[in-house]
Structures are given as structure tokens and as C-alpha cells.
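Visitor: fold the following and give me the result.
(2 chains)
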Amino acid sequence: MNTIASLTRTDPSAAERAVEDLADLFRASMGEVRNLATFEEEFDLVRGYLNIEALRLGTRLQTKWDIDAIPTSGRIPLLTLQPLVENAIYHGIEPLPEGGLIEISARCEDERIQISIVNPVTNTSTPHHRGNRLAQDNVARLVVGPFRGAWRSGD
Amino acid sequence: MRIVIVDDEPLARARLAAQVAESGLGVVVAEAANGLQAIRVVESTDPDVVLLDIRTPGMGGVETARHLAQLAKPPAVVFTTAYDEHALAAFDANTIDYLLKPIRSSRLQQALQKARVLTAGQARDAGVMSNDAARTHVSGQVHGDLMIVGIERVLYFQAGHGYLDVVWDGGSLLIEESLRSLKSEFSERFVRVHRNALAAIAHIAGLTRDDAGNHLVSLHGCDTTLPVSRRLMSQVRTRLR
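Guide: Residues are numbered from 1 along each chain as shown, chains lettered A, B, ... in the order given. Predicted structure coming up:
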């Protein structure tokens, strides 16, 4: 919101796009909890979210996608990946003065789809702010519950 | 008033700078993107007020404020934050003010007016140093300049006459703090080896004896050995295990 407030002065069309991306995220977060989205839809939400963060963090945020290996029509509970990417930025980019790279990759193996979100902060780094694990718990519930997926956190 | 803005986000700095200009209460003399930069910039520009983001990367805003408070002419500090709960938990009446982002211009004006009333001396006494968490850096004067060293690079602290010598892997500096307060602040990283010295546990290479049978502690990356008091010997051994 602070980013948008700033952009309305300096770059109104960028502010407009940020409001549109934010509207998509709000709409998704207010929908039915168990809505299934296609991977394509979820990736679009993540891209919109990353657009907003890129405005805020500038060159400190770099992203790399490697998701062509999975069928984009596959289904996933809505807002499964976006909170994890948000976590990755909060704990893995914001604490670093120089920022870094978020890598999102997806693989298909033995009829399972594995999606990895990697940030540059290692376990040996000083914790920025200890989270309450809310995002990971919520995502685990979404994936493991009705969807019968497997969830593994690499912290 | 002369004002410095500290925030890692360029757009946040831009908006705040525009709001300061509109308030007519001050002029932005410099900006910084993180705590270490902020200390340098404040030192060179000598502002009246620092608008300081609590969550600056690297050294956080709270610690940055503690270092600023040690400058010869400490500025008044107004914290900015996007996180309501964080501000409420960490600050009480001692902090000059804190502003929630997106910052309302009317709130910014209130804070700047409050800062104008306070003298820099009162700002120092306002208690930004009361936070208990151990610092990640120590700062002191070297040839008249403020030097800031990451605590993980400090090999040992040694008390002299009315000052404290900080020896780190790139040199040394003098600070005006007591060994006693450093011992309690950095008890996790440092062990007291002598009445006048604290050694960094991670940098200790080993224990030796001199010809007279006195115990000495040697440190990686440093030729100096520190004498170990006989009465502290067992404590030192325990911490090195």
C-alpha cells in the first residue's frame, strides 16, 4: 500500500497496474477456501504478486522460473504457492541489503508434481524475524487435506 | 530542521521525502538504504531528525538508533514501520514517535513538531538505548571517525585506563563502555578470561602455558595471547567444551 501511495505521485500507470494485481490477490483470498485453480491461474497470481514486490524492492528482487515441465492445466488449491513465495521474500530477500534470487521450479516425476521455491537465505544466517509458521501450516493443510498431496518443508 | 530518511525501499523514501517537503517543517539532507549507511550519512550530515524504518536489512532500525545515540550530537529518531504489532511491542513512551506506513501527512507533521521541541540531548536521554537485545555491531572512534565492526569479527575486548580496547580481525578501536555491561550483553559469544578481558569463544585457538606456568589463551588470526586468571580457568574450560 505504501508502494502504491508513492507511485500515485510519480508513476500513476504503474500504480494502476499494482492496484489491478492487488485486486486479483484480494479476490482470490476472499474466495472459497477449497477452490481448485489450475497451475496456470496460480502462477498468474504469483506473477502479479511478484510484480508488486518488484516495485517495492527494485533490483534487490530477482526471480527465475522453471515450470515448463508440468501440465499447466493441472489443479492445485488456490493460493497454495503465493503464500510460500511471499514467505520466501519476507525471510529470504528483505533481510539482505543486496537482495537476491527467488527460484520457482516445477518437476513431474512418478505421477507426482514437485514444486520448489528457493530463496538465498541459509540456515546459518541470522534470522530476520521469526515467523509464526502460519503460511506453511495453512499450505500444509490445503495440500494434505482433501487434496491428498504430500507436503515437505525445507524451512 | 535537517532530516535524514532511512528505508530500504526507494519508493518509500521518495514518498516520505515529498511529504517532508510539503510539510514545510524540514528539508531532507540525505537518504540511506540500510542501517550502516544511515550511520555514515548521519555522521557526515549532522541532521536534527532521522526518519528510520524499523526493518532495515542487515542492522535493524532499533540497533541503528542505539548507534546513532552514541554520536557526539545524536539526532532525534522517529521510527517508521508497516507493522502495527511490532511497533506496539517494541516501543513505549521512550521513543520520540513512530509512524505507520503508509504514513499520513498529518501524523508526519505531528512527529516532526514533536521532534522540534525536543533537543538533541533529550533525544539521547529518551531511552532508545534501553533495548536489551545484544547488538550485532560495536561502534567506536578511530582517529576521530566512527568505526563500526560486526560482533562476529571481534576477537577480544580488553579494558585499559578508562577505555576499552576492541580487537577485531581487521584492527582495533577504542570504545567507552564497561567490560561488565559487554559481558552481560555478549555472554553467548564471549567468555571472561581475565579481570580485564573477554575473548570470543569462536575465535579461541587453544589454551597454552608460558614458561612460568601461567595459562594463556591464543586466538585465531591474532599474535597476541591473553592471560587467563587462575580462578576463571574452570569456567573458560567449560565454555570451550
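
Visitor: could you pull out the helices for chain A?
Guide: Secondary structure of chain A, counting by DSSP state H: helices at A:2-10, A:12-29, A:39-57, A:82-92, A:134-144.

Visitor: out of everything not next to it in sequence, what's closest to A:C108?
Guide: Excluding the flanking residues, the one nearest A:C108 by Cβ to Cβ, 6 or more residues apart in numbering or on different chains is A:I70, at 5.0 Å. The C-beta positions use only the backbone N, C-alpha and C, and glycine is treated the same way.

Visitor: residues near the one you found, how many?
Guide: By other Cβ atoms under 10 Å in any protein chain shown, 16 other residues sit near A:I70.

Visitor: that one and A:Y49, how far apart?
Guide: Applying Cβ to Cβ, to the nearest Å, the value for A:I70 to A:Y49 is 20 Å.

Visitor: ok, now A:M1?
Guide: A:M1 sits at a distance of 14 Å from A:Y49 (criterion: Cβ to Cβ).

Visitor: coming back round to it: among the helices of chain A, which comes closest to chain B?
Guide: Chain B lies closest, by Cβ to the nearest Cβ, to one member of the helices of chain A: helix A:2-10, at 3.6 Å.

Visitor: please point out which parts of the closest one sit buried.
Guide: Buried residues in helix A:2-10, counting neighbours by 16 or more other Cβ atoms under 10 Å in any protein chain shown, are found at A:2-7.

Visitor: on that earlier part again, mind checking which of A:M1 and A:Y49 has more residues around it?
Guide: Using other Cβ under 10 Å, the more surrounded residue of A:M1 and A:Y49 is A:Y49, with 21 against 10.

Visitor: residue contacts, residue 56?
Guide: Since you didn't name a chain, this refers to chain A. By Cβ atoms under 8 Å, 6 or more residues apart in numbering or on different chains, the contact set of A:R56 is A:2-3, B:9, B:11-12.

Visitor: not quite, I wanted chain B
Guide: B:6-8, B:33-35, B:38, B:64.

Visitor: quick one on the thing from earlier: of the helices of chain A, which is nearest B:D97?
Guide: Of all the helices of chain A, it is helix A:2-10 that lies closest to B:D97, at 17.5 Å by Cβ to Cβ.

Visitor: quick one, what contacts the closest residue to B:H194 other than its chain neighbours?
Guide: Leaving aside its sequence neighbours, B:H194 sits nearest to B:S229 (Cβ to Cβ, 6+ apart; 5.0 Å). Applying Cβ under 8 Å, 6+ apart to B:S229 gives the contacts B:193-195.

Visitor: among those residues, name the buried ones.
Guide: For the contacts of B:S229, a burial check counting by 16+ other Cβ under 10 Å picks out B:193-194.

Visitor: between the contacts of B:S229, which sits nearest chain A?
Guide: Nearest to chain A out of those is B:V193 (Cβ to the nearest Cβ; 25.6 Å).

Visitor: pLDDT at B:V117, what is it?
Guide: If you check B:V117, the pLDDT there is 77.

Visitor: could you chop chain B up by domain?
Guide: Taking automatic domain parsing as the reference, chain B has its domains at B:2-130, B:137-240.

Visitor: residues of chain B that sit close to chain A?
Guide: Residues of chain B found near chain A (Cβ under 8 Å from any Cβ of the partner chain) are B:8-12, B:14-15, B:18, B:33-34, B:55, B:57-58, B:82, B:101-103, B:136.

Visitor: in the chain, where is pLDDT below threshold?
Guide: In the absence of a named chain, this looks at chain A. Chain A contains residues with pLDDT under 70 at A:32-34, A:122-134, A:141-155.

Visitor: hmm, no, I was thinking of chain B.
Guide: Applying pLDDT under 70 to chain B flags residues B:84-95, B:119-132.
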